[in-house]
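Enquirer: here you go, sequence then predicted model.
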Amino acid sequence: MAERVSGGHEQMSSFIEIRDAHTHNLKHVDLDIPREKLVVFSGVSGSGKSSLVFDTLYVEAQRQLIETFSTFARRRLPKLTRPNVESIRNLGTGIIIDQKRLGRTLRSTVGTATEIYTYLRLLFSRVAQPFVGFSHVYSFNHPDGMCLACKGLGRRIRIDENLMMDPELSLREGGILHPDYKMGGYYWRTFISMGWFNPDKKLKDFSDEERYRLFYEEHGEYEIEHGGINVSRKWTGLIRRLESHYINKAEDEAPETRKDAYQRFLVHTDCDVCGGRRLNDKVLTARLEGYNIADLAEMELTDLDSFLATLGGDIATPLVEKMRSVLGHLIDIGVGYLTLSRAVATLSGGESQRVKMARQLDCDLTGLMYVLDEPSIGLHPRDTEKLLHLLFQLRDQGNSVLVVEHDPAVIKAADWVVDVGPAAGTGGGEICFQGTVPQLQVAETSTGRLISGKRMNIRGRERKIDSWFKIENASSNNLRSINVNIPQKVLCCVTGVAGSGKSTLVHEEILKQYPAVVVDQSPVGKSNRSNPMTYTGIFDYVRTAFAVANAVKPSLFSFNSTGACPQCKGQGRVKVEMNFLDDISVECSECKGKRYRPEVLEYRLQGLSIHDVLQLTVEQALTFFRQQTIRDKLHLLKRVGLNYLQLGQPLSTVSGGEAQRLKLADELGKQGNLYILDEPTTGLHMADIERLMEIVHELVDSGNSVIIIEHNLDVIAQADWIIDLGPEGGKGGGRIMATGRPLELASHTESITGAYLKSLLN
């Protein structure tokens, strides 16, 4: 417990006081957290860190903030449920900086999200020549400024007819692949019977005229016989009809059930009118020192900062100072390779978080409580040092900075550490340690042992290399026509600072030539309808087991089917829009979050209801289930360290690291010659990384090739071969800085990664 000085209120308020927190797996925790300090919460994955920081501290801060609103305002907002805690005192206003994407459409960019583009528009409206209008004219989201051909998106979204059809099939055989035109459906019956097309003719044999009428006809008319008379009907080509329904709509406006079908047949190209610049020709005539506003939006942030530094004058100076302040934060935090025109929907979780952080650094308010979720994700060790300076800056402005983190460098920089554990799930939820870093280094916790220098074992045996994957003249994105050989049947790490070209080399070049099993950070489920059981296929066996035991249909035990609660449609929660705050979800009042109709919950399997089974952890399920097919899949989940995960936990709530391990567990049961892992240590405690590396080495020892994109030095040190890209990000990267075994890389003078690796190995 932190040392306290008894006495007045001033001393008491220097701590955030938590009493009896029992959210999720927290075991009635009492905790005092020093305010206006950098406090890191550590512990193995699933130990309860997020339950404590996000689901208890942050939720209560948000709830108490809403309680300060007027009665009039509160009546128009849903009542936030108090987290499972007796009391929390001395909370500040909470600001969360998480890895949630800043936006899902092409209309939101780095420039708009940071407001740099807003100031740039002001600058152009006041000093650019010729004068074309006020600030709004330079906005690609305003009718006066946008390119009308693409509505300011800069991209034309079209449906590719080659993706729409199987040329080897006829219309009758289901040659049109889009689900709207499935065999037996209304539209399928229409083009089969309308008389314009031979329904038994293979699509590859259609003439140009037939193909045009099938796909692109705008105002066609045909006649059918109905009730003994001919009736005239209108015909719109299949692609023309789909484009009128979907094109130029935001991705998140598409119906949820149709998003996959919608995306699968689309091709995105730069607008052929504006060339991807989003703005109309009139706006682009206005120039500042020879550049139009689109030119500046397409510059890397480092180059834009250098350009702005050359501007002066009474009008320009205050606007330039504001822009350069935010740009400086973005560059310092390691994303200087981005551009203002970059759509935020294309940013990684780590990039999104760093953009949010840069925005907050220009806030002059003090006494805030910043809550960050693993801000070091995706950062090279060099950039982690820059991140720490920004965290110190937030703290030194008089704010409390609470960080959930696994990176040893961030933990060591903390003023105070709270270690949660000792294990995951039901084995966690306790405060194993709280105190300073020197105290942690002598503490008997898994974090303390690893922080004190007892790092994971580095394999001494070098695997023999005698065959290679060859990549020649790789030039995607920022790669500079590089040639590289990747060894086969060993563990190879691809390293380099953020934006140096690692992902481009692996995903754009290697995957083009060599088929592989890819385990990346993309979400495994966007809604709370998916869970570990549905993802791994276990749920099919479970529903069947319930059906057999109770002599009913398996569909009754699906919360997406007949057994679902009618009020929440089987989701267990109801989403409520909060207008100016983040949307929240509240427990369904009908089923109390259990997702099923009451009568379904009466059925039992070995004494448990279907809801009870969904509440089991993987570890508990291994004890409960006797069917070998279910147990085999559960063992794979346990093998990747997910034994604490609840079977019914919505996949929309799992971390990026947990999602990646779910994918890995699903792939372990398959055969693959080449595995690609994209930053697999994301979200993992050092102890969990040791377990992960055991699995990786097993894959290699079984004759597979494994390529890992990684920043974690402990993982890099275990590689048989390293490919280091750099030296910087964006246009400053894309070159091979060094290749070789770890000791060779550590002695390479031009490799930034090598310098940090040398420090570790020494």
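Expert: Happy to help now that I have it.

Enquirer: low pLDDT regions in the stretch 101-250 of the chain?
Expert: By pLDDT under 70, the low-scoring segments of the stretch 101-250 of the chain are 101, 103-104, 225-228, 245-250.

Enquirer: for stretch 498-515, measure first residue to last.
Expert: 25 Å (CA to CA, to the nearest Å).

Enquirer: neighbouring contacts of that stretch?
Expert: By CB atoms under 8 Å, 6 or more residues apart in numbering, the surrounding residues in contact with stretch 498-515 are 334-335, 337-338, 350-351, 378-380, 383, 469, 471, 474, 476-479, 482, 484, 486, 494-496, 516, 518, 674, 676, 678, 707, 709, 723, 725-730, 733-734. Heads up, the C-betas are built off the backbone N, CA and C, glycines and all.

Enquirer: OK, contacts around Lys182?
Expert: The neighbours of Lys182, taking CB under 8 Å, 6+ apart as the test, are Gly174, Trp188.

Enquirer: give me phi/psi at it?
Expert: Phi and psi for Lys182, reported as degrees, to the nearest 10, are phi -70, psi 160.

Enquirer: which among the contacts of stretch 498-515 count as buried?
Expert: Taking 16 or more other CB atoms under 10 Å as the criterion, what is buried in these is 334-335, 337-338, 350-351, 378-380, 383, 469, 471, 474, 478-479, 482, 484, 486, 494-496, 516, 518, 674, 676, 678, 707, 709, 723, 725-730, 733-734.

Enquirer: excluding its backbone neighbours, what's nearest the spatially most central residue of the chain?
Expert: Geometric centre of the chain, nearest residue: Gly349, 4.5 Å, by CA atoms, centre = their mean. For Gly349, ignoring the flanking residues on the chain, the nearest one in space by CB to CB, 6 or more residues apart in numbering is Gln99 at 3.4 Å.

Enquirer: secondary structure class for that neighbour?
Expert: State at Gln99, reduced to three classes by DSSP: H, G, I helix; E, B strand; the rest coil: coil.

Enquirer: right, and it touches Gly350 too?
Expert: Yes. Here Gln99 reaches Gly350: they are 6.6 Å apart, a contact under CB atoms under 8 Å.

Enquirer: okay, and which of the buried ones among the contacts of stretch 498-515 map to helices?
Expert: Gly350, Glu351, Asp383 (DSSP state H).

Enquirer: between these, which is closest to Leu238?
Expert: Using CB to CB, Glu351 is the member of these that lies nearest Leu238, at 38.1 Å.

Enquirer: against Ile333, how distant is the closest one?
Expert: Remark: distance between Glu351 and Ile333 (CB to CB, to the nearest Å) = 10 Å.

Enquirer: next one: Pro34
Expert: Distance, Pro34 to Ile333, by CB to CB: 25 Å.

Enquirer: the two: which has the busier surroundings?
Expert: Remark: of Pro34 and Ile333, Ile333 carries more neighbours, 23 against 16, as counted by other CB atoms under 10 Å.

Enquirer: quick check: chain neighbours aside, which residue is closest to the more buried one?
Expert: Take Ile333 and drop its neighbours on the chain: the residue closest to it by CB to CB, 6+ apart is Arg354, 4.7 Å away.

Enquirer: in the host helix or strand of the one you found, what counts as buried?
Expert: Per DSSP states H and E, Arg354 falls inside helix 349-360. Judged by neighbour count (16+ other CB under 10 Å), helix 349-360 contains these buried residues: Gly349, Gly350, Glu351, Ser352, Gln353, Arg354, Val355, Lys356, Met357, Ala358, Arg359, Gln360.

Enquirer: got the contact list for whatever helix or strand comes next after it?
Expert: Per DSSP H and E, the first helix or strand lying C-terminal to helix 349-360 is strand 369-373. Applying CB under 8 Å, 6+ apart, the contact partners of strand 369-373 are 16, 50, 53-54, 57-58, 61, 91-99, 353, 357, 360, 391, 394, 399-405.

Enquirer: in ChimeraX, how would I select just the buried ones from those residues?
Expert: Here is the ChimeraX selection string for the buried members of the contacts of strand 369-373, based on 16+ other CB under 10 Å:
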select :16,50,53,54,57,58,61,91,92,94,95,96,97,98,99,353,357,360,391,394,399,400,401,402,403,404,405
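
Enquirer: quick one: Thr310 from Arg324, how far?
Expert: According to CB to CB, Thr310 stands 11 Å off from Arg324.

Enquirer: re earlier: surely the residue nearest to Ile333 and Tyr337 touch.
Expert: No. Using CB under 8 Å, Arg354 makes no contact with Tyr337, being 11.7 Å away.

Enquirer: so who does Gly672 touch?
Expert: Ala516, Val517, Asn704.

Enquirer: beta partners of the second one?
Expert: The residues listed as beta-bridge partners of Val517 by DSSP bridges are Tyr675.

Enquirer: what's it in contact with, if anything?
Expert: Going by CB under 8 Å, 6+ apart, Val517 touches Glu667, Lys670, Gly672, Leu674, Tyr675, Ile676.

Enquirer: in terms of pLDDT, where does it sit?
Expert: With respect to pLDDT, Val517 scores 89.

Enquirer: Leu52 contacts Asn25, doesn't it?
Expert: No. Assessed by CB under 8 Å, Leu52 is found out of contact with Asn25, at 9.9 Å.

Enquirer: which of those two has more residues huddled nearby?
Expert: For Leu52 versus Asn25, neighbours defined as other CB under 10 Å are more numerous around Leu52 (30 against 21).

Enquirer: Ile411 reaches Phe433, doesn't it?
Expert: No. Using CB under 8 Å, Ile411 is not in contact with Phe433, being 11.4 Å away.

Enquirer: what sits in contact with each of these two?
Expert: Residues touching both Ile411 and Phe433 (CB under 8 Å, 6+ apart) are Val417, Leu440, Thr447.
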